[in-house]
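A.B. asks: The following comprises the amino acid sequence and a computationally predicted model.
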Amino acid sequence: MALLRTSALLLLATLTGWATPALSASDPSGPDIQQKTVRASTYFLGEFEVAKSAFQERIKPLAEDVALAAVRRARLEITGPLTLLLPDFRDYEGTAELPVAFAYPVRGQGRRVPRYQTERKGPFKCLTAVFDESTQTAKTLWQALYKEAKQRGLEPSHDNRVVIRKQGDGYQSEYQLGLL
C-alpha cells in the first residue's frame, strides 16, 4: 500500500501544473543523472486515460487491477517492479487527462485478457535519476532530465517511465526520460 501512496504522490506532483521544462541554471548539487539503456522486456499492461485531478485516487486501484489481471487471469509471472509508461508531458500541457500505461514485466505464455495487452518493448535508451523527495519535487526532477538531455545534445523521445522498486522499508522511484 505504501508503494501505491508513494507513487500516487509522485505522479500527482508530476501531472498537476506541468509546464514545459524551464532551462534555467540549476543547483550544482542536483540529481545524479546517468545515461543508460534498459534491456528489452515483455510487459503486461493496461492503458488508461487518467484525469490529472483524480490521479491520486485512481493509481492504487489501477495498479492493483493490472497486477491481478496479469497473475490471475492471464496466468503470467510478474518478474519486476511496477513501471508507469508515460508520454512526453510537453504534448499534454493544458489537457485534463493524460494517457498512462500501468505495466509489469512478465514471464510466461499466458492468456489474452480483454482490455489488457502483453507487449514486448525493445531496449530503452534513457537519462535516469532517482527521485529524492527530501531534495526535489517530481516536476524539478523531470525538468533536470530535460535540461540534461539538451546540454548533452540528446533528443528526448515521446516515451518516459517511472519505475517503482521496493527498497528497505520504503520504495524508490527511478525517473527515466526516453531518448531517440
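C.D. replies: Alright, I've got the coordinates. Computed from a predicted structure; not experimentally measured.
A.B. asks: can you pull out the strands in the chain?
C.D. replies: Here the chain has its strands, by DSSP state E, at 34-38, 41-51, 77-78, 82-87, 97-107, 117-121, 124-130, 156-167, 170-179.
A.B. asks: and the longest one, what does it pack onto?
C.D. replies: With contacts defined as 3 or more C-beta pairs under 8 Å, 6 or more residues apart in numbering; DSSP states H and E, strand 156-167 has these neighbours: helix 2-15, strand 82-87, strand 124-130, helix 138-151, strand 170-179. Every residue, glycine included, has its C-beta placed from N, CA and C.
A.B. asks: Just the residues contacting it, thanks.
C.D. replies: 3, 6-7, 10-11, 14, 38, 81-89, 91, 124, 126, 142, 146, 149, 171-180 (C-beta atoms under 8 Å, 6 or more residues apart in numbering).
A.B. asks: Swap in 6 Å and give it another go.
C.D. replies: 3, 7, 81-88, 149, 171-180 (C-beta atoms under 6 Å, 6 or more residues apart in numbering).
A.B. asks: quick one on the thing from earlier: Thr42: which of the helices and strands packed on strand 156-167 is closest?
C.D. replies: strand 82-87 (11.8 Å; C-beta to C-beta).
A.B. asks: so how far is Gln34 from the residue lying closest to Ala70 once chain neighbours are set aside?
C.D. replies: Excluding the flanking residues, the one nearest Ala70 by C-beta to C-beta, 6 or more residues apart in numbering is Phe44, at 4.1 Å. Look at Phe44 and Gln34: by C-beta to C-beta, to the nearest Å, they are 27 Å apart.
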